[in-house]
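S.K.: Next input, structure requested:
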Amino acid sequence: MNFETSKEPVSVTSENGDALVPGTEARAAADKEAKATGKPVTIRHAVTDKVLATVKPPKAKVVKKAAAKKKTKPAKKATAAPAKKKKAAATKRDSDKPSGMPAELVKLALRASGVTPAQLNEHSKWKGAPWKWFFSNPKKTGVADRFGYKLKVERDGRAVTYFLTAK
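M.R.: Purely as a prediction, here's the structure:
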């Protein structure tokens, strides 16, 4: 059935419900409803309920979203000042001495007897931490690397002890 040339009623179905309209007016009614709701509208045969056509809303809203995204990108570029603040905060953190839990662990490692992984686990509650990496690593992000300490690792069989000394 070509509903667009027939005056027989067809059902225009959307989220808001169904409406019976003449076939010649169905496409216009479906377009109007799709624009209003922003959702697809189905045109069905009034008796058999067979889908005759589906009218989708116009894609103009997608263009608006793309334009909105373009508007947000310059705003991100304009917020370069907070990024500088983050760098300033990062330089404060990279001061002469560690702070917080790393400071306490450094104090333990600075002792003459050094510190074992078991003592570090007990004191910090960081179970299974890679302690050698925590103190010194190739990325130079370890506590000894960042704060000017020298790491000495002593092994006696399976027992490991970490010693830190000031450079």
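
S.K.: For this structure, give me the ranges with low pLDDT.
M.R.: When residues are selected by pLDDT under 70, those of the chain lie in 1, 60-95.

S.K.: That one: strands as residue ranges?
M.R.: 9-14, 17-22, 41-45, 51-55, 149-156, 159-166 (DSSP state E).

S.K.: So which elements touch the second one?
M.R.: Meaning strand 17-22. strand 9-14 (3 or more CB pairs under 8 Å, 6 or more residues apart in numbering; DSSP states H and E). (Each C-beta comes from the backbone N, C-alpha and C, glycine too.)

S.K.: go on, the first one?
M.R.: Taking 3+ CB pairs under 8 Å, 6+ apart as the contact definition, the neighbouring helices and strands of strand 9-14 are strand 17-22, helix 23-37, strand 41-45.

S.K.: and among those, the most buried is which?
M.R.: strand 41-45 (a mean of 19; mean count of other CB atoms under 10 Å).

S.K.: returning to that earlier point: what would the strands of the chain look like in a markdown table with distance to residue 104?
M.R.: Converted to a markdown table, those look like this (distance: least, CB to CB, whole Å):
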| stretch | distance to residue 104 |
| --- | --- |
| strand 9-14 | 65 |
| strand 17-22 | 68 |
| strand 41-45 | 66 |
| strand 51-55 | 66 |
| strand 149-156 | 14 |
| strand 159-166 | 13 |
